[in-house]
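Asks: got a predicted structure plus its sequence, pasted below:
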2 protein chains.
Amino acid sequence: MRASLAIGVDVGGTKIAAAVVNRDAETVRLLRTFTPQDSSDSIVSAIGGLVEDLLSSDEISGLRPPVGLGVPAQVDFGAQKILFCTNLPLEGGDVVGDLTERLGLPVVMDNDANLAALAETRLGAASGCTDVVCLTLGTGIGGGLVLNGRLYRGSLGTGAELGHIVIERDGPECACGARGCLEALAAGPALARNARAAIRKHPESLLATLTGADPVDVTGEIVAEAAKKGDAVAIALLEEVGNVLGRAMASLANVLNPQVFVIGGGMIEAGDLILEPARKTLSECAMQGVLPGLRIVPAALGNNAGYLGAAVLAFEHFDEGG
Amino acid sequence: MRASLAIGVDVGGTKIAAAVVNRDAETVRLLRTFTPQDSSDSIVSAIGGLVEDLLSSDEISGLRPPVGLGVPAQVDFGAQKILFCTNLPLEGGDVVGDLTERLGLPVVMDNDANLAALAETRLGAASGCTDVVCLTLGTGIGGGLVLNGRLYRGSLGTGAELGHIVIERDGPECACGARGCLEALAAGPALARNARAAIRKHPESLLATLTGADPVDVTGEIVAEAAKKGDAVAIALLEEVGNVLGRAMASLANVLNPQVFVIGGGMIEAGDLILEPARKTLSECAMQGVLPGLRIVPAALGNNAGYLGAAVLAFEHFDEGG
């Protein structure tokens, strides 16, 4: 029997969101709590508590909704195990097994960037598309791929690390250990590094004025603010982000020939100041055969993409018989 | 009813190969002819003649085998039309429609690099794998992707242009119009360009001696010959190819998380002189999560991959009801 409701849980570095979602992708009820930082058991306990609170509500009483779970970790989807998790103590624990036992409900888990891509494809900026590349620009650059209408995870479930394609062979060192990755050139820390250099070079700029006494404090938000006010130094910094992003998208377009790139994350607040140079570079650098109809659009679901994608996964996974 | 035999046709720049292939992937009969260069009609006529010759043989008399056709062109697989073809006058013509009418048999067409990837996955170096990246190193660098056990073509059928991922942001200009693509750094012409520079710098090297009076004549074969005889200059040139290839494979591994890279094409004659530095660079540059079990292997089917892949496509496509 197809469930009429699902529960989507998004485990973030600081907060956990859990919601009851219906087949029309409407959020029936949403709860949040802080993410325990000490152990996998504490995190499982916090998730379990949130879901039990949701289950006690009138709308869902007596139903047995499937649970989808998004985690900020590399996940072996076939084995339903967490392989790597840098920000939370989730490695080693059996999150899905523990939750299944506690809740007595079917539980399925995936990487949070995959679930955001699924949500944007089914419900958001890429609705109706079958081949979708999602990039999330923030402190790091995350990615998700929908190919032939389904999430593509790779043979071990560790693919779609789209921030780690090389753009500049001997470029700056990346957190992943390689050099010149997209993330090392275009994520928040790279923008801040470039901004500090630009402020030293252009102390007369609005950007320098806005950062006050110490250019060490410059953030992406301040660069975006200065750029929106017309500061040429800040505009050039965001153009550089867009330019690098456009080259990465050209590589991805030549390989995957998607219908759409969906760009999310905090940095996308800068909007067309990043996306316009990205579109220009993409159209200059990608092959002609992959360009017809190809769009670059901002993500539509914001922070809700995580739990919505988790709920969509729960519906789709258990519709198929798990 | 499932056909017991299929016909695979591989249209190359200079030759057309057509073969009757059985369900065990055995080549029952193989014919070749030169590729007409003047018009799409002439090429269709040459293919039609070869296939009719095959059909007249005793083994196949009275059967109606499906026909698979590989072309050196970008193909819109859904529409079964040729979008771009740089080496032969195939654009604009309706090759599949014309052949279907002439032969009275079901015909399905795809890009030749896709079909080589399909053949290597079903019958060759990647047998048993579901997620496979094939790279063909020659005058250009071609690619084919098998993802989740099936050829991945992208939304317009123009994906898998694996030679055109950027490795060096402001690197040498590529035939595709962009800069610093894998092809611009590691294909035959790039190797020859680097070899000419190395010969000028090291006139005492074995490589310089082997090229004789004019370093303009240097080829990949000569570089491989000198390297196999221990010439340090030639070895370094092939290491550079492997190094660039390894970085490209790291990007592709991070995105696609395949089980295996299959490397084919003329340049692969150099074997481990290219593949060993490629393996080393891949393991240094790719993320840890995509490395377990990941292999780099030479292609197994050589020039036969084209018609074998075309026959496999014909079986699989028409088994599914076309």
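Replies: Right, received. Where do you want to start? Numbers count the residues shown, from 1 in each chain, chains lettered A, B, ... in the order given.
Asks: packing partners for the longest helix anywhere in chain A?
Replies: Identified as the longest helix of chain A according to DSSP state H is helix A:232-256. Taking 3 or more CB pairs under 8 Å, 6 or more residues apart in numbering or on different chains; DSSP states H and E as contact, the helices and strands that helix A:232-256 lies on are strand A:132-137, helix A:182-186, helix A:188-201, helix A:206-210, helix A:220-228, strand A:260-264, helix A:272-285, helix B:232-256. For the C-beta atoms, the positions are set from N, CA and C on the backbone; glycine is no exception.
Asks: kindly reformat these as CSV containing mean neighbour count.
Replies: Formatted as CSV, those follow (neighbours: other CB atoms under 10 Å in any protein chain shown):
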stretch, mean neighbour count
strand A:132-137, 28
helix A:182-186, 28
helix A:188-201, 18
helix A:206-210, 19
helix A:220-228, 21
strand A:260-264, 26
helix A:272-285, 20
helix B:232-256, 25
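Asks: nearest to residue A:34, out of the ones you listed?
Replies: Of all these, it is strand A:132-137 that lies closest to residue A:34, at 21.9 Å by CB to CB.
Asks: and the contacts of the closest one?
Replies: Strand A:132-137 has contacts (CB atoms under 8 Å, 6 or more residues apart in numbering or on different chains) with A:113, A:116-117, A:120-121, A:126, A:141-146, A:162-163, A:186-188, A:241, A:245, A:248-249, A:252-253, A:256, A:258-268, A:274, A:299.
Asks: before we move on, back to that, tell me the mean pLDDT for the longest helix of chain A?
Replies: On average, the pLDDT along helix A:232-256 is 97.
Asks: and it, how far out from the chain middle?
Replies: Taking CA atoms, centre = their mean, to the nearest Å, the mean C-alpha location of helix A:232-256 is offset from the chain mean by 18 Å.
Asks: pLDDT below threshold where in chain A?
Replies: A:1, A:213, A:321-322 (pLDDT under 70).
Asks: quick check: domain ranges of it?
Replies: A:5-118+A:303-319, A:127-299 (automatic domain parsing).
Asks: I'd like those domains laid out as a markdown table, including distance to residue B:74.
Replies: A markdown table is the format used below for the domains of chain A (distance: least, CB to CB, whole Å):
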| stretch | distance to residue B:74 |
| --- | --- |
| domain A:5-118+A:303-319 | 26 |
| domain A:127-299 | 5 |
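Asks: for the ones you listed, which one sits closest to residue B:86?
Replies: It's domain A:127-299; of the domains of chain A, that one is closest to residue B:86 (CB to CB) at 11.3 Å.
Asks: just to revisit the earlier point, between strand A:132-137 and the longest helix of chain A, find me the angle.
Replies: Put simply, helix A:232-256 runs at 150 degrees to strand A:132-137, going by axes from the mean of the first three to the mean of the last three CA atoms, to 10 degrees.
Asks: now do the SS call for the most far-flung residue of chain A relative to its centre.
Replies: Relative to the C-alpha centroid of chain A, counting by CA atoms, centre = their mean, residue A:204 is the outermost residue, at 36.1 Å. On the three-state scheme (DSSP: H, G, I helix; E, B strand; the rest coil), residue A:204 is labelled coil.
Asks: quick one: name the residues of the stretch 101-250 of chain A near chain B.
Replies: Residues of the stretch 101-250 of chain A lying near chain B by CB under 8 Å from any CB of the partner chain: A:129-131, A:143, A:145, A:147-148, A:150, A:152-162, A:164-169, A:171, A:176-180, A:244, A:247-248, A:250.
Asks: please list only the buried members of those.
Replies: A:129, A:131, A:143, A:145, A:147, A:152-162, A:164-169, A:171, A:176, A:178-180, A:244, A:247-248, A:250 (16 or more other CB atoms under 10 Å in any protein chain shown).
Asks: from the residues you listed, which land in strands?
Replies: Per DSSP state E, strands hold the following members of these: A:143, A:145, A:147.
Asks: check the gap between the residue farthest from the centre of chain A and chain B for me.
Replies: According to CB to the nearest CB, to the nearest Å, residue A:204 and chain B sit 29 Å apart.
Asks: nearest to chain B among the ones in strands among the buried ones among the residues of the stretch 101-250 of chain A next to chain B?
Replies: Closest approach to chain B among those (CB to the nearest CB): residue A:147, at 6.2 Å.
Asks: leaving out sequence neighbours, find the closest residue to the closest one.
Replies: Closest residue to residue A:147 apart from its sequence neighbours, by CB to CB, 6 or more residues apart in numbering or on different chains: residue A:131 at 5.7 Å.
Asks: how about residue A:206?
Replies: Leaving aside its sequence neighbours, residue A:206 sits nearest to residue A:231 (CB to CB, 6+ apart; 3.8 Å).
Asks: give the contact list for the one you found.
Replies: Each residue near residue A:231 by CB under 8 Å, 6+ apart is listed here: A:205-207.
Asks: where does residue A:62 land in three-state SS?
Replies: coil.
Asks: quick check: phi and psi at it.
Replies: phi 90, psi -20 (degrees, to the nearest 10).
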